[in-house]
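K.L.:
Next come a sequence and a model predicted from it.
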Amino acid sequence: MEFTAKQIADFIGGRVEGNEQATVHTFAKIEEGKEGTITFLSNPKYTHYIYDTKASVVLINDDVELEKPVSATLIRVPNAYECVAKLMQMYAASLPKKTGIDPLAFISKTAKIGNNVYIAPFSYVGEGVKIGDGTMIYPHVVIYDGCQIGKNVTIHAGAVIGADGFGFAPNQEGYDKIPQMGIVVIEDNVEIGANTCIDRSTMGQTIIHKGVKLDNLIQVAHNCEIGENTVMSAQVGMAGSTKIGSWCMVGGQAGFAGHIHVADKTMVGAQCGVISNTKGNGENLIGSPAMDPKDFFKAKALYRRLPDMYKEISALRKEIEELKKK
Amino acid sequence: MEFTAKQIADFIGGRVEGNEQATVHTFAKIEEGKEGTITFLSNPKYTHYIYDTKASVVLINDDVELEKPVSATLIRVPNAYECVAKLMQMYAASLPKKTGIDPLAFISKTAKIGNNVYIAPFSYVGEGVKIGDGTMIYPHVVIYDGCQIGKNVTIHAGAVIGADGFGFAPNQEGYDKIPQMGIVVIEDNVEIGANTCIDRSTMGQTIIHKGVKLDNLIQVAHNCEIGENTVMSAQVGMAGSTKIGSWCMVGGQAGFAGHIHVADKTMVGAQCGVISNTKGNGENLIGSPAMDPKDFFKAKALYRRLPDMYKEISALRKEIEELKKK
Amino acid sequence: MEFTAKQIADFIGGRVEGNEQATVHTFAKIEEGKEGTITFLSNPKYTHYIYDTKASVVLINDDVELEKPVSATLIRVPNAYECVAKLMQMYAASLPKKTGIDPLAFISKTAKIGNNVYIAPFSYVGEGVKIGDGTMIYPHVVIYDGCQIGKNVTIHAGAVIGADGFGFAPNQEGYDKIPQMGIVVIEDNVEIGANTCIDRSTMGQTIIHKGVKLDNLIQVAHNCEIGENTVMSAQVGMAGSTKIGSWCMVGGQAGFAGHIHVADKTMVGAQCGVISNTKGNGENLIGSPAMDPKDFFKAKALYRRLPDMYKEISALRKEIEELKKK
């Protein structure tokens, strides 16, 4: 499929600067643009690339002022990033979607699979598992017995849903395993990244509410709950029985202690360690243990100056001693 | 199977308060209790749930005083958590246990598999691997050539046992791979979480001693050794040749530098960074680099007050300068 | 195969001390040496083991002075670690190498597979994937559609190459998925650890340049680039669009923010958090957020003394107040 700059501008409500008949057939990053590609400029850090890009068309924010002429055709829009996302969504929607259960997948006889589901080779669907309509299961996903997956869920390769929660009671010689008899429930429109693990509950359910997006290599322990539309970057870890509210955003490698509540719309920085209940909706957290970002950055700046502070304290001590002598 | 409150109380040595004939057939969390479920109250944080729970029976500690009547039948016991664990173990033991090698598993011809072993679909057992009696291998586990797994070991989905240790020697153009010719030995009664990786030794063995419990997404590098009954939470990482003693407890996302020794019964906090040998048995560690928790929390509290300290130092300086002038 | 101490010494240019006819047939760690094994002593921490080792031959640095006689035959060399690595490489090269595509692997019809490639059971090779000559794919590797793998690449079990980058645009009700239309390109001589994830680019390519070595459980987000011969330890995480230079070394559990540039030959400590562009080639970084190691260790040492500093400031305040009164 090929489109002209004019066709695209008309579709997204943009304004062409340059050759309206420039044609494109695929997408490119601005620094890798070639003839026939469309790209975008949204992050001002990348502005310098626009003067050299070989891309045929560049979506660009209305308010960006360029210092010299560019060879690409520009399409001016209020928000270039949103527009390119829309174009890509339209393009992706036009591609054929995989459906069906691959003969190399293992599906337990007692599992219930919805319509228009895709299950890739080597995926494992345990006994009594339910999978809703339109869900997409990539290769090597393992769904343990009894777990429930909603509609239009995407689970990437190697994710493990419903392995035993980590529960052991010490005895004289070692540990007794505490049976993990609950399940995992994943609601509609959730996306789960590659090699992410969500453990089954000790009893009842570990719940991932609708619209949640989890990146790769995340650990969700037993009995946890993640609220609607919360988003977590890669390698985040949640200890057992912790509840995270809706519309939270969690940076990569952050960790949550067990048995705590995190309020809605909390923003948690990368590598943050959240060790207690948060104070209320919309809080920002950073550092380990977690702090308010303003305090964190102030303290961090002074942290680097600790040697200076130490010297100054010693100097003050000396001078006071001298003053005292007088 | 259904049991009455009286039957359960007799079995675990508890005392019924309320309807002795209340029947239950499964377990529930206290906040999700429904008719026919048994639940427990152990963590005082959850006491408020007991007044509204729909569970038919609640196991509760002898010493908990309730402020108003509850509709559930109570069973009073010295330790409710232990009792519910015992009941669950009894129930789990009554369920049929999976055994046998699934025809969709790959077992090398030279592997030796013990009795009453379960090996799930898509698991891979390499050449010369030995697996002891009663061991349970979930789907997608990979056991590389030559590794040895003990009796009654549980390995969850996606775990990788015996991949090459990470060893490279720089040369003029890049790196030479240092062959990893050793194996991994996992002793009896070990449990290994989903997607956890234990690398083979450069020479000799990477050893996980008996009774060790590893959560999900843990990294154990080549030549490491983990002592008996040590427990590690998810996403912990151990660098090469490090030895951890027995009965240690390691919090999530903690990391260990290479070539160090950690003594028995060491408690390592979540996100801790242990960079040198520990001092002796029973030490507590927290922070990165690791510190004694008392020092850590004192220093952390003052860390937040660094801006105040900085201001006070500046004020002292000014006042001293004025005193000097006089 | 068996070799005498003399044969080995001649091969690596070393000097025998002891019985030249001592024979060995395999490698061992010094603390686990048995008759018929060769071991080495390189790290001075392990010197005490040499007096008790049962190994028949020990490679040892020229400059190590021993305090008492040893029963093993010694081979003196300038660098024992290098020599043992060379011997192991020679030994490993003499072993038969696995090649061929296992019938239990899934290879898309449109994939192009080079010569002398090994693809293990349960590995998944998507549509249009290209795999270069001599590449080795362990079990359970997933390579999504369109990705390109170079020559002599090694990919360990459970690694996921080309899952969707993590991109979502918020809307009124939740999130729109931003299609991830790019690919992953892995150049020649790269090694990728078990369960490591490398996401496909939103557009264009996520690139791992030649000679890069990635350990287990690493996250490489969409649009990232890792320069030639850079080495990363386990559990490192890179956020989207970050570029890391060549010949860098990254410690375990370190994290990189998105959209930053890290210069060539940068050394990044374990658990470090790199949140902005680095200053230039050869920088050392440690801590989170990342700092110069000298500053880090100075500040860290004083961090532990914050309670003392706080007390001293209070004392100075009191004394000044008294001086003022006079």
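P.N.:
Yes, it's here.
K.L.:
Give me the below-cutoff pLDDT ranges for the stretch 151-300 of chain A.
P.N.:
Within the stretch 151-300 of chain A, not a single segment meets pLDDT under 70.
K.L.:
Swap in 90 and give it another go.
P.N.:
A:171-172, A:279-280, A:291, A:294-300 (pLDDT under 90).
K.L.:
ranges for the helices of it?
P.N.:
Assigned by DSSP state H, counting those that start in this stretch, the helices in the stretch 151-300 of chain A fall at A:293-304.
K.L.:
Around chain C, pick out the residues from it.
P.N.:
The stretch 151-300 of chain A has residues A:154, A:156-158, A:189, A:191, A:193-195, A:210-211, A:213, A:215-217, A:228-229, A:231, A:233-235, A:252-253, A:270-271, A:288, A:300 near chain C, with proximity defined as C-beta under 8 Å from any C-beta of the partner chain. Every residue, glycine included, has its C-beta placed from N, CA and C.
K.L.:
Considering only these, which also neighbour chain B?
P.N.:
A:158, A:195, A:217, A:235, A:253, A:271, A:288.
K.L.:
Mind checking which of the residues you listed are buried?
P.N.:
Buried members of these, scored by 16 or more other C-beta atoms under 10 Å in any protein chain shown, are A:158, A:195, A:217, A:235, A:253, A:271, A:288.
K.L.:
Reformat the ones next to chain B among the residues of the stretch 151-300 of chain A next to chain C as JSON lines; add distance to B:E31.
P.N.:
Shown next, in JSON lines, are those (distance: C-beta to C-beta, whole Å):
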{"residue": "A:G158", "distance to B:E31": "32"}
{"residue": "A:N195", "distance to B:E31": "31"}
{"residue": "A:L217", "distance to B:E31": "30"}
{"residue": "A:Q235", "distance to B:E31": "29"}
{"residue": "A:Q253", "distance to B:E31": "30"}
{"residue": "A:Q271", "distance to B:E31": "31"}
{"residue": "A:S288", "distance to B:E31": "29"}
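K.L.:
Between which two of those is the distance greatest?
P.N.:
A:G158 and A:S288 (27.6 Å; C-beta to C-beta).
K.L.:
ok, now how distant is A:I275 from B:Q271?
P.N.:
Distance, A:I275 to B:Q271, using C-beta to C-beta, to the nearest Å: 9 Å.
K.L.:
Sorry, slip of the keys, the one I care about is A:A234.
P.N.:
Separation of A:A234 from B:Q271 (C-beta to C-beta) stands at 16 Å.
K.L.:
Could you tell me which of the residues of the stretch 151-300 of chain A next to chain C are located in strands?
P.N.:
If you go by DSSP state E, those have A:154, A:191, A:213, A:231 in strands.
K.L.:
how far away is A:K324 from B:I320?
P.N.:
Relative to B:I320, and taking C-beta to C-beta, A:K324 is found at 11 Å.
K.L.:
follow-up on the earlier one: out of the ones in strands among the residues of the stretch 151-300 of chain A next to chain C, who has the most neighbours?
P.N.:
For those, the largest neighbour count, defined by other C-beta atoms under 10 Å in any protein chain shown, is 24 neighbours, found at A:K213.
K.L.:
Surely that one touches A:S233?
P.N.:
No - at 9.5 Å, A:K213 and A:S233 do not qualify as touching, with contact defined as C-beta atoms under 8 Å.
K.L.:
if I look at the two, which residues touch both of them?
P.N.:
Common contacts of A:K213 and A:S233 (C-beta atoms under 8 Å, 6 or more residues apart in numbering or on different chains): C:F166.
K.L.:
what about the nearest residue to A:F297 once chain neighbours are set aside, neighbour count?
P.N.:
Closest residue to A:F297 apart from its sequence neighbours, by C-beta to C-beta, 6 or more residues apart in numbering or on different chains: A:I286 at 7.9 Å. By other C-beta under 10 Å, 22 other residues sit near A:I286.
K.L.:
same check, this time on A:D63
P.N.:
Count around A:D63 with other C-beta under 10 Å applied: 7.
K.L.:
Before we move on, what's the pLDDT of it?
P.N.:
The model reports A:D63 with a pLDDT of 89.
K.L.:
give me every residue that touches the residue nearest to A:E312 when sequence neighbours are not counted.
P.N.:
Once flanking residues are discounted, A:E312 sits nearest to B:I313: 5.5 Å by C-beta to C-beta, 6+ apart. Counting by C-beta under 8 Å, 6+ apart, B:I313 makes contact with A:309, A:312-313, A:316, C:313.
K.L.:
again, but for A:S246
P.N.:
A:S246 sits next to A:209, A:227-230, A:264-265 when contact means C-beta under 8 Å, 6+ apart.
K.L.:
Now do the SS call for A:Q7.
P.N.:
Classification of A:Q7 by DSSP: H, G, I helix; E, B strand; the rest coil places it in helix.
K.L.:
Please report how far it lies from B:P96.
P.N.:
Counting by C-beta to C-beta, the gap between A:Q7 and B:P96 amounts to 63 Å.
K.L.:
now swap in A:I119 and tell me
P.N.:
26 Å.
K.L.:
now A:L316
P.N.:
Distance, A:L316 to B:P96, using C-beta to C-beta: 75 Å.
K.L.:
Looking at these two, which one has more neighbours?
P.N.:
Neighbours per residue (other C-beta under 10 Å) separate A:L316 from B:P96, with A:L316 holding more: 21 against 5.
K.L.:
what's the angle from the host helix or strand of the more buried one to helix A:293-304?
P.N.:
Following DSSP states H and E, one finds A:L316 within helix A:306-325. Interaxial angle, helix A:306-325 versus helix A:293-304 (axes from the mean of the first three to the mean of the last three C-alpha atoms, to 10 degrees): 70 degrees.
K.L.:
my read: A:K177 touches B:A93, true?
P.N.:
No - applying C-beta under 8 Å as the test, A:K177 and B:A93 come out as separate, 10.5 Å apart.
K.L.:
and those two? which has more neighbours close in?
P.N.:
More crowded of A:K177 and B:A93, by other C-beta under 10 Å: A:K177, with 18 against 9.
K.L.:
Check the burial of the residue nearest to the more buried one when sequence neighbours are not counted by counting its neighbours.
P.N.:
The shortest distance from A:K177 to any non-neighbouring residue, by C-beta to C-beta, 6+ apart, is to A:F168 (5.9 Å). As a burial measure, A:F168 scores 16 neighbours (other C-beta under 10 Å).
K.L.:
ok, now A:D62?
P.N.:
By the measure other C-beta under 10 Å, the count of residues near A:D62 is 11.
K.L.:
do you know how far the nearest residue to it once chain neighbours are set aside is from chain B?
P.N.:
Distances taken as C-beta to C-beta, 6+ apart put A:R76 closest to A:D62, at 5.2 Å, once the chain neighbours are dropped. From A:R76 over to chain B the distance is 45 Å, taken as C-beta to the nearest C-beta, to the nearest Å.
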